[in-house]
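**Q** Next comes the sequence, and after it the predicted model I'd like to discuss.
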Amino acid sequence: MSASTTSRKPRCQTLAVRVGPLTIGGRSPVSVQSMTKTRTDDVKATVRQIRRLERAGCELVRMAVPDAAAAAALPEIRERVALPLIADIHFDHRLALTAIKAGFDKVRINPGNIGATWKIREIIKAAAGSGAAIRVGVNAGSIDKSILRRFGRPSVPAMVAGMAHCLEPFEQAGFKALVLSAKTTDARETIAVYRELSRRWSYPLHLGLTEAGPPFEGAIRSAAALSVLLLAGIGDTIRISLTGDPAQEIEAGYELLGALDIRRRGPLVYSCPTCGRTGIDVIGLTRRVKQALRAHPEPLKVAVMGCVVNGPGEAREADFGIAGGASRGIVFAHGRVVKTCGEGQLVEALVREISKERTK
């Protein structure tokens with residue numbers, strides 16, 4: 001479990017792009033983002049969800065702007081929220097102009113469905129004047145029709161060609177505040193297309209698997225694609241897209257970055273899978289430990305083990321941990337046993353030991 005066993009390349013150097021107070025790319029940490037799942041014109045519900053995401057650690061949040069009613073709500077949302085905000089725009093370039101005027105820090109567009117080049121130029125001009133960034137997204141399901149006819153299907157070469165086509169007006173205008181994304185539902189294709197984007201352009205990359213699925217399946221599918229890229233030093237911001245509570249996307253994002261030893265937010269809790277030797281409720285204890293340490297700021301490693309086999313021996317590199325059996329257990333710190341107590345007191349004893357170290 002030591003950091004020294006992690007093998008990964010240094011981050012690929014990309015341009016630094018400001019999104020409000022946040023920087024994406026350059027030497028900045030990989031940022032974690034999500035998207036609201038409320039109706040954007042329901043300002044109260046949208047702001048409430050954004051604040052939940054912020055408490056979970058979300059660093060920038062995107063929201064759909066499908067029509068004029070949603071666009072009309074953007075100034076009030078901007079006024080009530082400090083987090084960097086992104087407007088997700090398709091088809092109607094005027095919605096992007098409204099979002100930029102409302103003070104949004106970034107707009108996400110797919111130039112392939114915005115239409116005429118003059119509309120893209122209007123968005124570029126507005127963004128340049130306000131300091132907003134633009135994410136150019138080329139999803140497999142929305143590649144420009146002329147490019148799709150040339151390649152026959154939304155393949156990796158088609159997506160790369162689509163991105164090159166989309167970037168032409170930005171490069172002609174000298175607009176550099178860009179973040180690129182090219183998402184598919186296929187892990188292998190996602191890996192291949194982002195490798196090619198990283199090779200061809202120096203803009204920061206937004207990693208994600210589109211329509212990844214329900215929380216369990218979506219997290220596994222996303223990790224299969226994103227971990228390969230992140231370990232290769234590719235990727236500047238991530239979203240784990242899940243069909244469910246958006247706060248789970250944030251938890252999954254930090255869990256992935258922590259597992260790869262790229263970035264940690266709070267404790268990394270790991271636990272044994274349990275077996276016939278287990279004499280304590282490892283599942284319940286793990287849940288309680290995670291809840292008790294939810295607001296803990298330090299990036300600790302905390303182990304919850306069900307017997308002496310998986311106790312301090314296998315978990316010796318954890319900062320803190322629990323190991324037990326027969327309704328009793330031990331609390332250990334840095335490989336040393338510091339407390340023996342009943343199962344019902346283990347979590348409280350563990351939290352006390354962690355708190356003691358914080359006050360030293």
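**A** Sure thing, it's come through.
**Q** As a check, name the ranges of all helices in this protein.
**A** For the chain, the helices defined by DSSP state H occupy 43-56, 68-80, 93-101, 111-114, 117-130, 145-151, 156-173, 187-200, 215-231, 246-259, 282-292, 346-359.
**Q** Tell me which of those helices sits nearest to Gln33.
**A** helix 246-259 (7.8 Å; C-beta to C-beta). Using the backbone N, CA and C atoms, a C-beta is placed for each residue, glycine as well.
**Q** Okay, angle between the closest one and helix 215-231 too, please.
**A** Note on geometry: by axes from the mean of the first three to the mean of the last three C-alpha atoms, to 10 degrees, helix 246-259 and helix 215-231 are set 40 degrees apart in direction.
**Q** Mind listing residues that contact helix 246-259?
**A** 30, 32-37, 49, 52-53, 56-58, 215, 219, 222-223, 226-227, 230, 238-242, 263-266, 268, 299 (C-beta atoms under 8 Å, 6 or more residues apart in numbering).
**Q** Quick one: mean pLDDT for stretch 212-231?
**A** For stretch 212-231, the mean per-residue pLDDT is 94.
**Q** And stretch 140-149, by the same measure?
**A** 79.
**Q** chain center to it: distance?
**A** Relative to the centre of its chain, stretch 140-149 is centred 27 Å away, using C-alpha atoms, centre = their mean, to the nearest Å.
**Q** again, but for stretch 277-287
**A** Per C-alpha atoms, centre = their mean, the centroid offset for stretch 277-287 relative to its chain is 29 Å.
**Q** Kindly report the same for stretch 233-246.
**A** With C-alpha atoms, centre = their mean, you get 4 Å for stretch 233-246.
**Q** In CSV, could you pull the C-alpha coordinates for that stretch?
**A** The C-alpha trace of stretch 233-246 is given here as CSV (Å, rounded to 0.1, in the frame of the first residue of the first chain):
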residue,chain,number,x,y,z
GLY,A,233,0.2,11.6,-16.9
ILE,A,234,-2.8,12.4,-19.1
GLY,A,235,-5.7,14.4,-17.7
ASP,A,236,-6.1,17.7,-15.8
THR,A,237,-9.7,17.5,-14.5
ILE,A,238,-12.1,14.6,-14.2
ARG,A,239,-15.7,13.7,-13.8
ILE,A,240,-17.0,10.3,-12.9
SER,A,241,-20.4,10.4,-14.6
LEU,A,242,-22.9,8.2,-12.6
THR,A,243,-26.6,7.7,-12.8
GLY,A,244,-27.4,8.8,-9.3
ASP,A,245,-26.6,11.3,-6.6
PRO,A,246,-23.9,13.7,-8.0
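**Q** hmm, back to that, filter the contacts of helix 246-259 to the buried ones?
**A** Among those, those classed as buried by neighbour count (16 or more other C-beta atoms under 10 Å) are 30, 32-36, 49, 52-53, 56, 58, 215, 219, 222-223, 226-227, 230, 238-242, 263-266, 268.
**Q** who's in contact with Pro297?
**A** Gly266.
**Q** what does the model give it for pLDDT?
**A** So, for Pro297, pLDDT stands at 76.
**Q** Repeat that for Trp118.
**A** Note on Trp118: pLDDT of 96.
**Q** just the one 4 residues further on next, same as before
**A** Taken from the predicted model, the pLDDT recorded for Glu122 is 98.
**Q** Would you quantify the distance from it to His93?
**A** From Glu122 over to His93 the distance is 6 Å, taken as C-beta to C-beta, to the nearest Å.
**Q** now Cys275
**A** Taking C-beta to C-beta, one finds Cys275 at 59 Å from His93.
**Q** between these two, which one's more packed in?
**A** His93 (21 against 11; other C-beta atoms under 10 Å).
**Q** what's the domain layout of the chain?
**A** 3-259, 268-359 (automatic domain parsing).
**Q** ranking those by burial, who's on top?
**A** domain 3-259 (a mean of 19; mean count of other C-beta atoms under 10 Å).
**Q** returning to what we had before: dump the helices of the chain into a markdown table; add distance to Asp319 as well.
**A** Shown next, in a markdown table, are the helices of the chain (distance: least, C-beta to C-beta, whole Å):
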| stretch | distance to Asp319 |
| --- | --- |
| helix 43-56 | 23 |
| helix 68-80 | 39 |
| helix 93-101 | 44 |
| helix 111-114 | 48 |
| helix 117-130 | 45 |
| helix 145-151 | 51 |
| helix 156-173 | 42 |
| helix 187-200 | 33 |
| helix 215-231 | 24 |
| helix 246-259 | 13 |
| helix 282-292 | 13 |
| helix 346-359 | 8 |
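**Q** No further questions, thank you.
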